[in-house]
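Student: prediction below, plus the sequence it came from.
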Amino acid sequence: MTTPGRWQRGWWMASILAVLVAGAGESHAAQVTVVNMIPLAQSGETNQDSEPNLAVNPANPLQVAGSAFTPSQGFCGPNLAPIFVSSDGGNTWAMNCIVPSDGSGMTSDITVRFAETSGNLYAGILRRPGGFRLDVLRTTNFLGAAVMTVLVDRQFVDQPYVQATTSSGADRVYVGDNACCPTGFGGRTATIDQSLNAGSAAPVFNAIRIESRTTAGQDGPPVRPAVHADGTIYGVFYHWTNRVGNFSPFATITSDVVVIRDDNGGGGATPFTNLVDPGDGLAGMRVVQNRTVPWANTSQATFGQERFVGSNATIAVDPRNSSTVYIAWADRVGTSDYTLHVRRSLDRGLTWSGDLRTITNATNPALAISSEGTVGFLYQQVVRVAVVGNAVIQGWVTHLERTTDAFATLDDLILAQTIANAPPVTFLPYIGDYVHLMAVGRDFYGIFSANNTPDLASFPHGVHYQRNANFATKTLLALDNQTPVPVSIDPFFFKVIAEQPPKFQYAAKFICGKPDTPVLAPGTYFTAINVHNPGERGVGFRKKFAVALPGERPGLVSRFFDARLGPDEAFEIDCPDILKHTRTRSGFLKGFAVIESDTELDVVAVYTAAGASRLVETMEITRVPPRRRAGAEGSDPVPAPGVGR
């Protein structure tokens, strides 16, 4: 019989080998950091610290705050709950007891977010005591001891999810929530509580009902806002059209996924009504309709002890262009699955792609987009590991996928792969109804909850524990560093620092084919770009192609294609190669072949042209000089236009 220790180790090690093989060809790997956030002083804790959230100060990314279902266990003062705080970019963590609470020393739902430039930290919580009691909180110093200021205190809402920004010196806060419990407003419960002066001494908050249609009594719990610097605000929510069964033990929801938009930061007379569905003329675009969403507020043996409660929705807007927006949500496609879907709009939410990505039996989707346009997609997927006797052993695998071409290709980072059968569930949600992912510049920051067994095989990119742990024996230890502590669910912080760009770039002009317009002299043009590795070691590099069109119009830019040359080897990029990589059937094409490498190469372009005789009438050979890339390690600074070096 296979023992649990052996199957666990073998399965995880196989996964690690797969990751290593998949990443072996990468020349510019990202720097991945994973940290267990429980501080040393709390080494003995055994809480189910699920449903985590994260905030990184955009003005100072060394300042990071986190939250989870984490009670104070006596280290906070009376009626206070903690948040996690870091002042070194998430490498180390402490707990700061600044959240108002009751004697339990914790909150129900809690999310946190920094404003863009002010340094103010905002939180949306379900406060204790009270059922579905919304508090919106603020602190000007998240590292200080002062209790967060209460800006809003009202009932009845669920799952407050906060976003914040700064516009013209004023903090703006948007809290997506569901005014569901009990339902009101004619069942139109999807809401955004917003303030356009949240940093002032007496901020004004308004509860904006963003649902414009008749519902099946209420909307779904998740209402997720996304903020763009130009004042565009998006939101996504589940519009419930039918419900069969009771919430417990099981109900089946029929739902549309709706995206709303405001073009003036929520400041107009009728906020969040700029995106109108042409199908019924109402505010809010129905991206998909009549989707089945399972609802089971009980621990699911086939889903890693987690529940189904239709709380999985996320939205992200491209910081470079507010017209580009991505969403993800979960629904049921077959009879027993729970499937994530990712789609994109390029026209401010009016039309949408089909599914760019589908992940079966997964939860907790979170999207973010970097300053360079890289899309990050965080999720947790339950997988079947083994069968031991009559027990099916499952695992939670936490993925961060990154893509620059709408998931045509992607880089999949496995952050954690942990056993889902232990510890036993003590309350729901088990690992959480959400996680969080955000981008600061080129880099991604995020948080998730998982089994905290100290096993390096569970963390392919490594992990750092502050709490006492023996990785050799895979045992948690109390503060005395000797007494064993049972495994539990902990929050894990991660950051993915973008890979450095290659040091050298070459841009070689290409001209291929016979022009059918008088942009060049009549004839047939050929290009052959020869690339040589002058070194004594093999080198990897990448190439892409940028097409130039007449009339000062930009053309297609292909994705990067990997290439490799051994010592002193050379190859040629010619017109058939360029036409293949650009998927072009035109008889004429011109533009640039862009080659990037960490090692200096010899790049020589050969241009020939034939006239009516079809014989070569002209030939030119050009050596393409390297350009040192800005931001590459060891690169020279790039001068500003008109400034000499």
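Tutor: Done, it's in.

Student: list the buried residues in stretch 128-137.
Tutor: 128, 132-137 (16 or more other CB atoms under 10 Å). Heads up, the C-betas are built off the backbone N, CA and C, glycines and all.

Student: what sits up against it?
Tutor: 99-102, 104, 106-108, 122-127, 148-158, 160, 162, 173, 175, 177, 180-181, 193, 195, 205 (CB atoms under 8 Å, 6 or more residues apart in numbering).

Student: how far out from the middle of the chain is it?
Tutor: 28 Å (CA atoms, centre = their mean, to the nearest Å).

Student: stretch 549-560 now?
Tutor: Computed by CA atoms, centre = their mean, the chain-centroid distance of stretch 549-560 equals 29 Å.

Student: please write out the alpha-carbon positions of that stretch in CSV.
Tutor: What follows is stretch 549-560, C-alpha atoms only, in CSV (Å, rounded to 0.1, in the frame of the first residue of the first chain):
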residue,chain,number,x,y,z
LEU,A,549,2.3,50.4,-43.3
PRO,A,550,2.2,53.4,-45.7
GLY,A,551,0.5,56.6,-44.8
GLU,A,552,2.2,56.8,-41.4
ARG,A,553,0.1,53.8,-40.1
PRO,A,554,1.5,51.2,-37.7
GLY,A,555,1.1,47.6,-38.6
LEU,A,556,1.1,44.3,-36.8
VAL,A,557,3.6,43.6,-34.1
SER,A,558,4.2,39.9,-33.7
ARG,A,559,4.9,38.1,-30.4
PHE,A,560,8.4,37.2,-29.5
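
Student: list the buried ones in that stretch?
Tutor: Per 16+ other CB under 10 Å, stretch 549-560 contains these buried residues: 558, 560.

Student: show me where the stretch 101-250 of the chain has its strands.
Tutor: Along the stretch 101-250 of the chain, the segments classed as strands by DSSP state E, counting those that start in this stretch run 110-114, 121-126, 133-139, 149-155, 158-167, 170-178, 190-195, 206-209, 223-227, 233-245.

Student: reformat these as CSV; add mean pLDDT and distance to T618.
Tutor: Output for the strands of the stretch 101-250 of the chain, formatted as CSV (pLDDT from 0 to 100; distance: least, CB to CB, whole Å):
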stretch, mean pLDDT, distance to T618
strand 110-114, 98, 61
strand 121-126, 98, 66
strand 133-139, 97, 70
strand 149-155, 96, 73
strand 158-167, 97, 57
strand 170-178, 98, 61
strand 190-195, 98, 65
strand 206-209, 97, 67
strand 223-227, 98, 55
strand 233-245, 97, 54
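
Student: Serialize the ones you listed to a markdown table and add fields for distance to G77.
Tutor: What follows is those, written out as a markdown table (distance: least, CB to CB, whole Å):
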| stretch | distance to G77 |
| --- | --- |
| strand 110-114 | 18 |
| strand 121-126 | 17 |
| strand 133-139 | 16 |
| strand 149-155 | 17 |
| strand 158-167 | 24 |
| strand 170-178 | 26 |
| strand 190-195 | 28 |
| strand 206-209 | 31 |
| strand 223-227 | 33 |
| strand 233-245 | 37 |
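
Student: now the end-to-end length of stretch 141-156.
Tutor: 29 Å (CA to CA, to the nearest Å).

Student: i'd like the first residue to be 44 from this point on
Tutor: Yes, from this point I'll number from 44; that puts the last item at stretch 184-199.

Student: any buried residues in it, and which?
Tutor: Under 16+ other CB under 10 Å, the buried positions of stretch 184-199 are 185, 190-191, 194-195, 199.

Student: kindly report the same for stretch 524-534.
Tutor: Result for stretch 524-534 [16+ other CB under 10 Å]: buried residues 528, 530-534.

Student: and which of these is nearest to T316?
Tutor: P534 (37.2 Å; CB to CB).

Student: in ChimeraX, how would I select the buried members of the contacts of stretch 171-180?
Tutor: Restricted to buried positions by 16+ other CB under 10 Å, the ChimeraX selection for the contacts of stretch 171-180 reads:
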select :142,143,144,149,150,151,165,166,167,168,169,170,191,194,195,199,200,201,203,205,216,218,220,223,224,236,238,248
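
Student: mind putting the buried residues of stretch 171-180 into TSV with distance to A98?
Tutor: What follows is these, written out as TSV (distance: CB to CB, whole Å):
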residue	distance to A98
R171	21
F175	23
R176	22
L177	18
D178	16
V179	14
L180	12
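
Student: pull the most distant pair out of those.
Tutor: F175 and L180 (16.5 Å).

Student: tell me the helix or strand right after the lowest-mean-pLDDT helix or strand in the chain.
Tutor: Sorting the helices and strands of the chain by mean pLDDT, DSSP states H and E puts helix 47-66 at the bottom, at a mean of 40. Note on helix 47-66: by DSSP states H and E, the next helix or strand toward the C-terminus is strand 74-79.

Student: past that next one, which element shows up next along the chain?
Tutor: Counting by DSSP H and E, what follows strand 74-79 is strand 96-99.

Student: quick one: strands adjacent to that following strand?
Tutor: The strands beside strand 96-99 in its sheet (DSSP bridges) come out as strand 107-110 (antiparallel).

Student: touching the strand it pairs with from outside, list them.
Tutor: Contacts of strand 107-110 (CB under 8 Å, 6+ apart): 80, 95-100, 126-129, 132-133, 136, 150, 153-155, 157, 164, 166, 185, 488, 490, 534, 536.

Student: in the chain, which ranges drop under the pLDDT threshold?
Tutor: Residue ranges of the chain with pLDDT under 70: 44-72, 673-688.

Student: where do the helices of this protein begin and end?
Tutor: Using DSSP state H, the helices of the chain run over 47-66, 618-624.

Student: domain parsing for the chain?
Tutor: 59-540, 547-671 (automatic domain parsing).
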